[in-house]
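> below: sequence and its predicted model.
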Amino acid sequence: MTTNASPFFNKAQEKFLAAESDEEKIICLKEMIKECPKHKSSENMLANLRTRLKKLQEQAIKAKRSGKGTQVGIKKEDMQIVLIGKTNLGKSALLNILTNAQPKISEIEFTTQKPIIGMMNFEGINMQLIENPAIDSEYFDKGLINSADTLLIIVDKIEEIQEIKKHLTKSQAKQIIVFNKVDKLTENEKRKLNATLKSKKYNFVLISTKTKEGLEELKNKIFQSFNKIRIYTKEPHKIKSQKPIIMKQNSSVQDIAEKILKGFSKKVKETKIWGPSSKFAGQKIGLKHKLKDLDVVEFRTR
C-alpha cells in the first residue's frame, strides 16, 4: 500500500487480508492505522484506513443489535467466574494462565470483542471462567456480570476500582479485586498498596501475569468465594477418592450420602471421618455430623 511502510504495518496488512471475521479485520485495521507512516504522502491512505475501520465497526454494531453476531450462547455452570476490567490490563493473559482457553493477547486496545470461555481446574474441581470484553468498550456484556457468581475485577491503579464498580450496581456476585502488574512495583510500594487496599476493606489479591506471583492465592480466593466445601470419600481399606465432591457449607454426612445416591443414607451402617471436622483420625460419627472443607468420609453399608 505504501513504499516506505514498516515491517509491522506489512505484517498487520497480511493478517487483515487473511482475516475471516469483521472482528479480526477491525483489530488488524487498528494496528495498521497505528503503524501507518505519518507524513503528507500517506494522508490519503490513512484516511481510507480510518473510513474502512468506521464502516466495519458500524457493521459489527448493527449485527450485534439485530442478534446476528457471532457470539454463541453461554451455558452457565455451577460455579461461574467473570473477568472484568478496562482494556489492556491483562484479562486475556490471566484467562490463558488459569484455564484451557487461548484468547488473543495483544497490546492493541479492545482486542477481545466477545466473551471467551475457559475451564479452571482447582484441585480436581472445574470452574467456568469467562473473560468479558473491556468494560469501556462497545462489546462489554452487561448480562454476564449480573448472572456471574464471582467477579474478578482486574485493575492496575486503585482509582480504577470505583470506576468499574459503577457498572456493577445490579450484580449480586462476590467481588475479588485482582491488582495486576505488581512486578513493576518495588517491595515497599507493594507493602503500601497492600495496606491501602486492606484499609478500604477490599477482598483483593496482588498478582503478576508476567511472573505468576499471587496466582495460587487467587485460585484459593476464587474457590472460597463460592462458600463450598470439598469432601473426599473412601471405601474401607482403600485410599480416598482423587476427585472431591463439592458441597454447600454446613452440609452433613447425610447430605453427602444422599448426593452420592438418593436413599443411600438409609443403607449406611457406620461412618468414619478424617480431617478438619474430626476429633481424631477415623472417628466414628453419625449422619447429622457437620462436615468441613477437605474432610474424608468412609461409609460402611448394611
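Structure received. Residues are numbered from 1 along each chain as shown.
> looking only at pLDDT, what's the mean for stretch 32-39?
If you average the pLDDT over stretch 32-39, you get 81.
> same thing with stretch 121-133?
86.
> just the endpoints, please. Distance across that stretch?
22 Å (Cα to Cα, to the nearest Å).
> mind listing the strands for the chain?
Along the chain, the segments classed as strands by DSSP state E run 80-85, 116-122, 125-131, 150-155, 174-179, 204-206, 228-234, 245-248, 268-274, 283-285, 296-301.
> quick one, domains of the chain?
7-66, 80-224, 228-301 (automatic domain parsing).
> for the protein, what spans make up the helices?
7-18, 22-35, 43-66, 91-98, 142-147, 159-165, 187-199, 215-224, 253-260 (DSSP state H).
> what does the shortest one rub up against?
Around helix 142-147, the neighbours that count as contacts under Cβ atoms under 8 Å, 6 or more residues apart in numbering are 74, 76, 80, 82, 84, 115, 130, 132, 151, 167-168, 170-173. Quick note: C-beta positions are derived from backbone N, CA and C, even for glycine.
> need the buried ones from those selected in PyMOL.
What follows is the PyMOL syntax selecting those of the contacts of helix 142-147 that are buried according to 16 or more other Cβ atoms under 10 Å:
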select buried, resi 74+80+82+84+115+130+132+151+168+171+173
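> list the contacts of Phe223.
Phe122, Glu123, Ile125, Met127.
> how far away is it from Thr233?
19 Å (Cβ to Cβ, to the nearest Å).
> looking at the helices of the chain, spot the one closest to Ile285.
Ranking those by their distance to Ile285 (criterion: Cβ to Cβ) puts helix 253-260 first, at 6.2 Å.
> show me what the closest one is in contact with.
With Cβ under 8 Å, 6+ apart, helix 253-260 has contacts from 231, 233, 245, 247-248, 264-265, 268, 271, 273, 285-289, 291, 297, 299.
> quick check: which of the strands of the chain is nearest to Asn48?
Nearest of those to Asn48, taken as Cβ to Cβ: strand 116-122 at 31.2 Å.
> neighbouring strands for that closest one, and are they parallel or not?
strand 125-131 (antiparallel) (DSSP bridges).
> sorry, back to before: pick the most buried one from the domains of the chain.
domain 80-224 (a mean of 17; mean count of other Cβ atoms under 10 Å).
> rewinding a little: most widely separated two among the contacts of Phe223?
Those two in the contacts of Phe223 that are separated most widely, counting by Cβ to Cβ, are Glu123 and Met127, at 10.8 Å.
> Asn96 is in contact with Leu215, correct?
No. The pair Leu215 / Asn96 is not scored as a contact, 11.8 Å apart, by Cβ atoms under 8 Å.
> now do the shared contacts for those two.
Joint contacts of Leu215 and Asn96 (Cβ under 8 Å, 6+ apart) do not exist.
> any weak-confidence spans in the chain?
1-5, 18-22, 60, 62-77, 101-113 (pLDDT under 70).
> mind listing what Ile158 touches?
Per Cβ under 8 Å, 6+ apart, neighbours of Ile158: Leu193, Thr196, Leu197.
> quick one: which of the residues you listed is nearest Asp141?
Nearest to Asp141 among the contacts of Ile158, with distances taken as Cβ to Cβ, is Leu197, at 27.0 Å.
> my read: the closest one touches Ile177, true?
Yes. Between Leu197 and Ile177 a contact is recorded at 6.8 Å, counting by Cβ under 8 Å.
> quick check: neighbours shared by these two?
In contact with both Leu197 and Ile177: Phe204, using Cβ under 8 Å, 6+ apart.
> circling back: just give me the closest of the contacts of Ile158 to Asn203.
Leu197 (9.2 Å).
> rewinding a little: now, the most widely separated pair of the contacts of helix 142-147?
Lys76 and His167 (19.8 Å).
> convert stretch 231-246 to PDB, retaining C-alpha atoms only.
The C-alpha atoms that make up stretch 231-246 are tabulated as PDB, following Å, rounded to 0.1, in the frame of the first residue of the first chain:
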ATOM      1  CA  ILE A 231     -15.400 -33.700  50.700                       C
ATOM      2  CA  TYR A 232     -13.500 -36.800  49.700                       C
ATOM      3  CA  THR A 233     -14.900 -40.300  50.100                       C
ATOM      4  CA  LYS A 234     -13.200 -43.600  50.600                       C
ATOM      5  CA  GLU A 235     -14.100 -47.300  50.800                       C
ATOM      6  CA  PRO A 236     -12.800 -49.400  53.800                       C
ATOM      7  CA  HIS A 237      -9.200 -50.300  53.500                       C
ATOM      8  CA  LYS A 238      -8.700 -48.200  50.300                       C
ATOM      9  CA  ILE A 239      -7.300 -44.700  49.700                       C
ATOM     10  CA  LYS A 240      -9.500 -41.700  49.300                       C
ATOM     11  CA  SER A 241     -11.100 -40.600  46.000                       C
ATOM     12  CA  GLN A 242      -9.000 -38.400  43.800                       C
ATOM     13  CA  LYS A 243     -11.800 -36.000  43.000                       C
ATOM     14  CA  PRO A 244     -13.700 -34.300  45.800                       C
ATOM     15  CA  ILE A 245     -17.500 -34.000  46.000                       C
ATOM     16  CA  ILE A 246     -18.500 -30.300  46.200                       C
END
